[in-house]
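In: Need the 3D shape of this:
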Amino acid sequence: MTDIALAIIGGTGLYKLAELQDVTSHEPRTRYGMPSGPVRVGTLDGHRVAFMARHGEGHSVPPHKVNYRANLAALQALGARRVLALNTVGGITERFGPRALACPDQLIDYTWGRISTICEEEGTEVLHVDFGEPYTRSLRQAVVAAATKAHVVLVDGGCYGATQGPRLETRAEIVRMRRDGCDLVGMTGMPEAGLAREMGLDYACLAIVANWAAGAGPDPDEVITLQDVLDNVSAASAGLPALLKSLLAG
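Out: Have a look, this model is predicted:
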């Protein structure tokens, strides 16, 4: 299959793409093992689109256990060349409050212990890919332009800080991240972005802000609940179908 216009990886609260039609399911085994779950391939406004739930469709895979290499390899094997990652995140700085959509242009990796390269196995070629600009500029610009065309409010730019999870961060950690220059915090931005670059995939992040990070909002004592996260993801995703259709229309 070589005609997939876009592959989408869904994060927390985004386990399916209801707008897909004529859906077929694929469970490709890759050289890195099995992906988080099936890849659903269908049509959206006449374009072939692949969708995968990063944590599995029942949210059974925690962020540090996601087989990021297998997920990307499965999409690539089905013919995907462009990947749009949907990441549920917390907001750190003022422009990135709950229910905002953002397309970051930078990231900082705070994760540890994850397999972060396709050069892991003995005998594989050692790659030193350029990662100064971690998201593919052309795809990121296309996402921003698509949002404008679809009248979807989107914050252009920002720095995503990737933490280990699955626990949320302490207030002190968020203070450090703000000092480091992070605007958003999530648990799945890396090694996914780096692996996509090594695999030669165009990759961009569409961050969905589900909550203020610890101590970052107007109420520093706010307790973050899963229901609040899911409610905010649902509200923030309302414009997603229009944005995707605009992106696919080019």
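In: When you work out contacts or count neighbours from here on, use the C-alpha atoms and nothing else.
Out: Noted.
In: Kindly provide the distance from the residue located most distally from the centre of the chain to residue 53.
Out: Distance from the centre of the chain peaks at residue 123, with 30.0 Å (CA atoms, centre = their mean). From residue 123 across to residue 53, the span is 31 Å (CA to CA, to the nearest Å).
In: what residues are up against the closest residue to residue 231 other than its chain neighbours?
Out: Excluding the flanking residues, the one nearest residue 231 by CA to CA, 6 or more residues apart in numbering is residue 210, at 8.0 Å. Contacts for residue 210 (CA atoms under 8 Å, 6 or more residues apart in numbering) come out as 88-91, 98-100, 228-233, 236.
In: Next, residue 210: secondary structure please.
Out: The assignment at residue 210 comes out as strand when based on DSSP: H, G, I helix; E, B strand; the rest coil.
In: ditto for residue 25
Out: Per three-state DSSP, residue 25 ends up strand.
In: What pLDDT is listed against it?
Out: Listed pLDDT for residue 25 reads 95.
In: My guess is it contacts residue 39. True?
Out: Yes. If you go by CA atoms under 8 Å, residue 25 and residue 39 touch, sitting 5.7 Å apart.
In: More neighbours: these two, which one.
Out: Using other CA atoms under 10 Å as the criterion, residue 25 and residue 39 rank with residue 39 on top: 24 against 13.
In: so how far is residue 28 from the more buried one?
Out: On the measure of CA to CA, residue 39 and residue 28 end up 8 Å apart.
In: ditto for residue 191
Out: 21 Å.
In: Compare these two and say which one has the larger neighbour count.
Out: residue 191 (22 against 19).
In: Surely the more buried one is in contact with residue 68?
Out: Yes. Counting by CA under 8 Å, residue 191 touches residue 68, with 7.1 Å between them.
In: where do the contact lists of residue 39 and residue 28 overlap?
Out: Common neighbours of residue 39 and residue 28 (CA under 8 Å, 6+ apart) are residue 74.
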